[in-house]
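**Q** starting from these lines, generate the structure:
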Amino acid sequence: MPGVIYREYDAAALWAQYNNSRMVSAETHQDLVLERQRRSAALRESAVEKVLDVRFGPHERERLDLFLPRAPQPPLYVYIHGGYWQKNDKEHYAFVAEALVPAGVAVAVLEYALCPAVTLPELTDQVRRALVHLFKCADDYGYDRRRILLSGHSAGGHLTGMLLATNWPDVDGDLPPDIIAAGLPISGIYDLEPIRHTPLNDALRLTREDIRALSPMFLAPARKVPVTVAVGGLESREFNRQAADFVRAWTDQGLDARLLVVPEVNHYTIVWQLSDPAGALFKEVLRLLDQD
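**A** Numbers count the residues shown, from 1 in each chain. Modelled structure (predicted):
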């Protein structure tokens, strides 16, 4: 059809599927951002057992925050924030630890350099370095390296998929292949081809040749660990399609993958589920860590 650039979408319709901030009112979006920042600042201030701004690589943004429960050898939930690989800071996502730490789960919130200052492959390697650091330093911090749940939202969901497809001995010869026990990507982009046709690509600079190497959809899971792919019921048709297709692609390769559609939440409000003991994502974290 004339004007179609991806599936059934022309340029404007495709951008509407991925322009999440336009799916809520400007006032609502601002309120959500401010609430996220307020709750995270309060958590960073009040947390008793915490290690902030841990450096894991040479770039100034290669840092992470760690929040620990008062429990011996807890499991670790690792959260990678979103922002289309181009914005946001770890300081605004500490709130994901609000309910998990009291439930006996250690929480790490990762930071990374942003595009276009770095390329997407460089950014992905930074997140890999963070996970290597968390695995190797588990005894220093006191959590169980055998129970690391990797997770992330939006761009962080994409990065979660990339790390689940990583063969860790290739990254560091001292690592075993099974440093991730389970995965929980949330509202992620698993096929980057549509992103290449949107204004987001001005900073990412993805080429046609980049897509298969940087899209978890087209990669193989490195280990057959349980993975839950979550998406909000109120998110766009494309975000829901990406989640379902990703589950199908990796299930076809023998992975224990399941789709979790969380009703009545959008691309932004889905993350509140992590800090709500009654939330579907909070419960899923505990299930994947065998903490329920």
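**Q** neighbours of the closest residue to Asn88 other than its chain neighbours, just the number please.
**A** Nearest residue to Asn88 in three dimensions, chain neighbours excluded: His81, at 5.1 Å (C-beta to C-beta, 6 or more residues apart in numbering). Bear in mind the C-beta positions are built from the backbone N, C-alpha and C, glycine included. Look at His81: counted by other C-beta atoms under 10 Å, it has 24 neighbours.
**Q** and the pLDDT for His81?
**A** His81 carries a pLDDT value of 98.
**Q** before we move on, what about Gln291?
**A** At Gln291, the predicted lDDT confidence score is 60.
**Q** contacts for the helix of greatest length in the chain, please.
**A** Longest helix in the chain, counting residues (DSSP state H): helix 26-46. Helix 26-46 has contacts (C-beta atoms under 8 Å, 6 or more residues apart in numbering) with 21, 24, 50, 52, 65, 67, 91-95, 97-98, 268-269, 271, 275.
**Q** just the ones in strands from those residues, please.
**A** 50, 52, 65, 67 (DSSP state E).
**Q** the third one touches Ala47, doesn't it?
**A** If I follow you right, that is Asp65. No. Between Asp65 and Ala47 there is no contact under C-beta atoms under 8 Å: 9.0 Å.
**Q** more neighbours, these two?
**A** Neighbours were counted for Asp65 and for Ala47 using other C-beta under 10 Å; Asp65 has more, 24 against 19.
**Q** ok, that one - contacts?
**A** 44, 50-54, 90-91, 94, 108-109 are the contacts of Asp65 under C-beta under 8 Å, 6+ apart.
**Q** would you turn the residues you listed into CSV with neighbour count?
**A** Below are the contacts of Asp65 laid out as CSV (neighbours: other C-beta atoms under 10 Å):
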residue, neighbour count
Arg44, 19
Lys50, 17
Val51, 15
Leu52, 15
Asp53, 11
Val54, 18
Lys90, 22
Glu91, 17
Ala94, 26
Ala108, 26
Val109, 27
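**Q** on the strand side of things, show who the residue nearest the centre of the chain bridges to.
**A** The residue lying closest to the centre of the chain (C-alpha atoms, centre = their mean) is Gly152, at 1.4 Å. Taking DSSP bridges as the rule, Gly152 bridges to Ile80, Pro185.
**Q** how much space between it and Ala257?
**A** To Ala257, Gly152 is 16 Å away according to C-beta to C-beta, to the nearest Å.
**Q** now do Val107
**A** With distances taken as C-beta to C-beta, Val107 is found 23 Å from Ala257.
**Q** between these two, which one's more packed in?
**A** A side-by-side neighbour count of Val107 and Ala257, using other C-beta under 10 Å, places Val107 first with 30 against 23.
**Q** quick one: contacts for the more buried one?
**A** 66-67, 76-79, 96-97, 100-101 are the contacts of Val107 under C-beta under 8 Å, 6+ apart.
**Q** which among the residues you listed count as buried?
**A** Neighbour counting with 16 or more other C-beta atoms under 10 Å marks 66-67, 76-79, 96-97, 100-101 as buried within the contacts of Val107.
**Q** determine which two of those residues are furthest apart.
**A** Farthest-apart pair in the buried ones among the contacts of Val107 is Val78 and Val101; separation 13.7 Å (C-beta to C-beta).
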